[in-house]
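Trainee: Following is a predicted model, sequence given first.
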Amino acid sequence: MTAIASTRTAPAEDGRELRVRRLGRQPYEATWKAMSAFTDARDADTPDELWVLEHDPVFTLGQAGKWEHVLMPGDIPVVPVDRGGQVTYHGPGQIVAYPLIDLRRLGVGVRELVNRIEQAIIDTLAHWNIVAERVEGAPGVYVAGAKVAALGLRVRRGCTFHGLAFNVNMDLEPFHRINPCGYKGLQVTQVLDLGGPSGLEAVEDVLIDEICRQFGFRSHISEPHIPELPGQGAVCA
C-alpha cells in the first residue's frame, strides 16, 4: 500500500452544478430503487446529483458476491444488488454517498471515476491528519491496513449509481458477520477511532466539498428528499 498525496482538482470553469441532497436515514431497498429509476429516467440535460445519507442496518451483496462470504447475518437482512463488488454492511453512523453522474458528459472513464472518489475520501481524512491509502486491485480506502471506506458502483447508459460507504461513528460488530468485500479477516475501522470527529455532518461537509473538487463541480444543496420522477411522487420523504 502506498500513501497518496492530495491531488485536488480545481472547479471547472463552466461551473457545472452538482445537486446535493442530504437525505438523513433511509431504508436501503427504497433508495436503491429510487436511484435506479432516476438513472433510467434521466436524459442528456438532467443535472448530476449526489445523495448523501445513512441506511438502516443491511448487508448488500454485489454482482461478484458469493454467499459463502455472508457468515452469520443474524437479524440483519441480506440484499443482493446490481452494483459491482462483494458483500458489505451499511448502518447508522456510516456516510453513504451516491454520485449520480453522467460520465459521458463529464468526460470521465470508470477507472478515473473510482480513483477520484477514492481521492476525495483520502483528502477528506487528511483534514484530520489521518493518512489514508488505496490498494491496487481492491477498491476502497484504507488506514494502516484497515478499511475505512468501501466502493461499489454501477454504470448504465453512461451514468453512475450506487457509490461509497464511509465509516464514521458506527457499531462495527456487523462486519464480523461477513468477510468484508470478500476478504477473510479484513480489518475495518472508522473515523472516530482514527482521531477524527464523531459527528457525521462535519465529515459530510468536507466529503461533499472534496467530491466537488475532484470532479470540478459547483455544489448546490437541493431539497432533502429524492426527486419526483414522471408519473410518481417522491420516493423517500
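Mentor: The structure has been received and is ready for your questions.

Trainee: For whichever strand or helix holds Tyr89, list the C-alpha coordinates in PDB.
Mentor: If you go by DSSP states H and E, Tyr89 is part of strand 87-90. Output of strand 87-90 as PDB, limited to C-alpha atoms (Å, rounded to 0.1, in the frame of the first residue of the first chain):
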ATOM      1  CA  VAL A  87     -20.600  -8.100   0.400                       C
ATOM      2  CA  THR A  88     -20.500  -5.100   2.700                       C
ATOM      3  CA  TYR A  89     -22.500  -3.600   5.600                       C
ATOM      4  CA  HIS A  90     -24.400  -0.400   5.900                       C
END
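
Trainee: Mind pulling the model confidence for the residue minimising distance to the centre of the chain?
Mentor: Geometric centre of the chain, nearest residue: Leu164, 1.6 Å, by C-alpha atoms, centre = their mean. What the model reports as pLDDT for Leu164 is 97.

Trainee: secondary structure class for it?
Mentor: strand (DSSP: H, G, I helix; E, B strand; the rest coil).

Trainee: Pairing partners for it in the sheet, please.
Mentor: Leu164 has these beta-bridge partners by DSSP bridges: Ala97, Leu151.

Trainee: that older thread, what strands line up against the strand holding Tyr89, and which way round?
Mentor: Here, using DSSP bridges, strand 87-90 pairs with strand 58-61 (antiparallel).

Trainee: Kindly list the main-chain dihedrals of Ala34?
Mentor: Torsion angles at Ala34 (phi, psi; degrees, to the nearest 10) stand at phi -70, psi -40.

Trainee: for the helix or strand where Arg111 lies, what is the average pLDDT?
Mentor: Following DSSP H and E, one finds Arg111 within helix 110-126. The predicted model assigns helix 110-126 a mean pLDDT of 97.

Trainee: packing partners for the helix or strand following that helix?
Mentor: Next helix or strand after helix 110-126 toward the C-terminus (DSSP H and E): strand 133-135. Counting contacts by 3 or more C-beta pairs under 8 Å, 6 or more residues apart in numbering; DSSP states H and E, strand 133-135 is packed against strand 2-3, helix 110-126, strand 138-143. No exception for glycine: its C-beta is placed from N, CA and C like everyone else's.

Trainee: Which of those sits closest to Leu53?
Mentor: Across the helices and strands packed on strand 133-135, the minimum distance to Leu53, taken as C-beta to C-beta, is reached by helix 110-126, at 16.2 Å.

Trainee: ok so, going back, name the helices or strands packed onto the helix holding Arg111?
Mentor: strand 133-135, strand 138-143, strand 146-156, strand 159-167, helix 200-215.

Trainee: can you count the residues close to Thr46?
Mentor: Thr46 has 16 neighbouring residues, counting by other C-beta atoms under 10 Å.

Trainee: Surely it is in contact with Asp102?
Mentor: Yes: judged on C-beta atoms under 8 Å, Thr46 makes contact with Asp102 at a distance of 7.3 Å.

Trainee: what's around the nearest residue to Gly158 once chain neighbours are set aside, how many residues?
Mentor: Residue nearest to Gly158 in three dimensions, not counting chain neighbours: Arg104, with 4.2 Å by C-beta to C-beta, 6 or more residues apart in numbering. Residue neighbour count, defined by other C-beta under 10 Å, stands at 12 for Arg104.
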